[in-house]
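>>> next comes the sequence, and after it the predicted model I'd like to discuss.
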Amino acid sequence: MDVDGAIQTFSVARLSAIPPIEFHPFASQMRTSAHHSGEKETVMKNPKRLGLAFLASVTVVCAYFNAMYSPFLFEDIQVYLASAQRVLDGISIYQTPVMVDANGSFPDGLYFIYPPFAALVFIPFLLFGHFAILMFTILGVLALWRTIYLLLVAAKLFNQNVLRMSIVATVALVPLEPFITNISSGNINFYIVWLIAESFFSLKTWAPLHLGVASAIKFTSAIYALLHLIVRPLQSSLKLIAMFLIALLVGFIADPESTVEYFTKYVFGVSRVPSNLSGSGNQSILGILNRAGLASESLSIVWLLSASVLVVVALLLASKWWNNSEIFWPLALVTVVSLLVSPLSWTHHYVAYVFVFIASITSSWRPKIAHGFSIITYVFFLSTVHVTRFILDQISAVAGEPITSIVSACLTNKYLVINCIFLTLCLWRFIDEYAGSRAEKSSVPQTLHSD
């Protein structure tokens, strides 16, 4: 056989071995359709994705309720700015109301209830004139973002996308009732939470100074300072104390008369607060005792005893966890206790729950239960006053009086319910750890010594 004949025979043999090709004009569309159907099937079978999608939808709906019904009066920031102006004008910031409420909600006027140093903090905002409230709000939201960023970095979450996820988390938190009411009232809580986070999680040498400033602005931050003094090195604690004392001294130099007046008359009192302490907005132990109708003498004793016990136990347990390299649960526990023992814990004070969220999300102790608590808390915080009223109206139209009263009590005191649930989790964790340590000790073989 010649060469050309051999090549032709080999080519025919190879072609006959190749299977016939079937032409499908819509083959690419069929593959694409199959691919998309597989994606849909995966999403439908993934409960986490469905849960997140549902939670996102609920968040959008509740954000709409907030945008439609929350009155953005910015009364708190107006009080802050008026007090700062009084300091510049040499007028006492405590003798008379710093602002008369134009809407009539507070006919006796609004007083400045913080130390004089706090008024000095707001003097720079006066430079913005009519844009002071806008700048305060924008910087407050940025402070919230910075807090979340520090927490995510400390938790080592989303290492590659921590910046993006911190922005997403900030957007997800803003529709919640504590956060949106803090914005609408123009309160300083975003800044306080940021100062606390910087003090505990920033790596800068001057980080403790932040907590000193926060404690000088709002004395309720002192419980965080106590935790810092217990768990941090002496040098760090001395920086915190020095900053706190310097801030008070600066306030005294700027307005000595108001400083003396504040520390001799108003530092421990709540009589100048215009709102009713027994109102549902006050989500503290003192608030629920007022709503229970206790006499003033019994109320003071019960509140003082319960507050003292909670603070001591919380600091002891928090220091124990911190020494065991647990950084988020101590802050979360101190946060919940501070909100309970404070005479006034309005809903916007609960922006400090960012520490509770990060503790439950990153928990290594019973993670499913901790994650479930964070979801329940998120949903509870979504149910604003207006959504709560809508729920009560629907329940009262269907159910009888006992059920309506029970649901009404739970929704009215929903923050207290969430706090009690978290304290129960803390007790559960302590019992688990205690039982585990006992079991570990009993499993260690005893060494026998013979004479």
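Cool, got the structure.

>>> switch to C-alpha atoms for all contacts and neighbour counts from now on
OK.

>>> list the buried residues for stretch 419-436?
Along stretch 419-436, these residues count as buried under the neighbour rule (16 or more other C-alpha atoms under 10 Å): 419, 422, 423, 425, 426.

>>> tell me what the helix or strand hosting residue 195 is packed against?
Taking DSSP states H and E as the definition, residue 195 sits inside helix 189-201. The contact analysis (3 or more C-alpha pairs under 8 Å, 6 or more residues apart in numbering; DSSP states H and E) places helix 189-201 against helix 132-155, helix 208-217.

>>> which of those helices sits closest to residue 363?
Comparison of the helices and strands packed on helix 189-201 against residue 363 by C-alpha to C-alpha identifies helix 132-155 as nearest, at 10.1 Å.

>>> what's in contact with that closest one?
74, 77-78, 125-126, 128, 158-159, 162-163, 166-167, 169-170, 183, 186, 188, 190-191, 193-194, 197-198, 201-202, 354, 358, 362 (C-alpha atoms under 8 Å, 6 or more residues apart in numbering).

>>> 6 Å instead?
If you take C-alpha atoms under 6 Å, 6 or more residues apart in numbering as the criterion, helix 132-155 is touched by 125, 166, 170, 190, 191, 194, 197.

>>> which of those residues lies closest to residue 92?
Nearest to residue 92 among the contacts of helix 132-155 is residue 125, at 19.7 Å by C-alpha to C-alpha.

>>> can you tell me the closest non-neighbouring residue to the closest one?
Spatial nearest neighbour of residue 125, chain neighbours left out: residue 132 (5.3 Å); criterion: C-alpha to C-alpha, 6 or more residues apart in numbering.

>>> now do the one you found, the pLDDT please.
Predicted confidence (pLDDT) at residue 132: the value is 93.

>>> how about the helices of the stretch 351-451 of the chain, start to end?
In the stretch 351-451 of the chain, helices defined by DSSP state H, counting those that start in this stretch lie at 354-361, 367-382, 385-398, 401-412, 414-443, listed in chain order.

>>> what's the angle from the longest one to helix 367-382?
Read it as helix 414-443. 170 degrees (axes from the mean of the first three to the mean of the last three C-alpha atoms, to 10 degrees).

>>> how about JSON lines for the contacts of helix 132-155, with distance to residue 210, neighbour count and pLDDT added?
Output for the contacts of helix 132-155, formatted as JSON lines (distance: C-alpha to C-alpha, whole Å; neighbours: other C-alpha atoms under 10 Å; pLDDT from 0 to 100):
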{"residue": "125", "distance to residue 210": "19", "neighbour count": "18", "pLDDT": "96"}
{"residue": "166", "distance to residue 210": "21", "neighbour count": "23", "pLDDT": "93"}
{"residue": "170", "distance to residue 210": "21", "neighbour count": "19", "pLDDT": "92"}
{"residue": "190", "distance to residue 210": "13", "neighbour count": "26", "pLDDT": "97"}
{"residue": "191", "distance to residue 210": "10", "neighbour count": "20", "pLDDT": "97"}
{"residue": "194", "distance to residue 210": "9", "neighbour count": "23", "pLDDT": "97"}
{"residue": "197", "distance to residue 210": "9", "neighbour count": "25", "pLDDT": "96"}
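
>>> and the furthest pair within those?
With C-alpha to C-alpha as the measure, no two of the contacts of helix 132-155 lie farther apart than 125 and 166, at 26.4 Å.

>>> mind putting the helices and strands packed on helix 189-201 in CSV, mean neighbour count included?
CSV is the format used below for the helices and strands packed on helix 189-201 (neighbours: other C-alpha atoms under 10 Å):
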stretch, mean neighbour count
helix 132-155, 19
helix 208-217, 26
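
>>> mind checking which of those is nearest residue 91?
Within the helices and strands packed on helix 189-201, the stretch nearest residue 91 is helix 208-217; the backing value is 19.7 Å (C-alpha to C-alpha).

>>> state the mean pLDDT of the closest one.
Taken as a whole, helix 208-217 has an average pLDDT of 95.

>>> and the helix or strand just after it, how far from the chain's centre?
Next in sequence after helix 208-217, counting helices and strands by DSSP H and E, comes helix 222-231. How far helix 222-231 lies from its chain's middle: 19 Å, per C-alpha atoms, centre = their mean, to the nearest Å.
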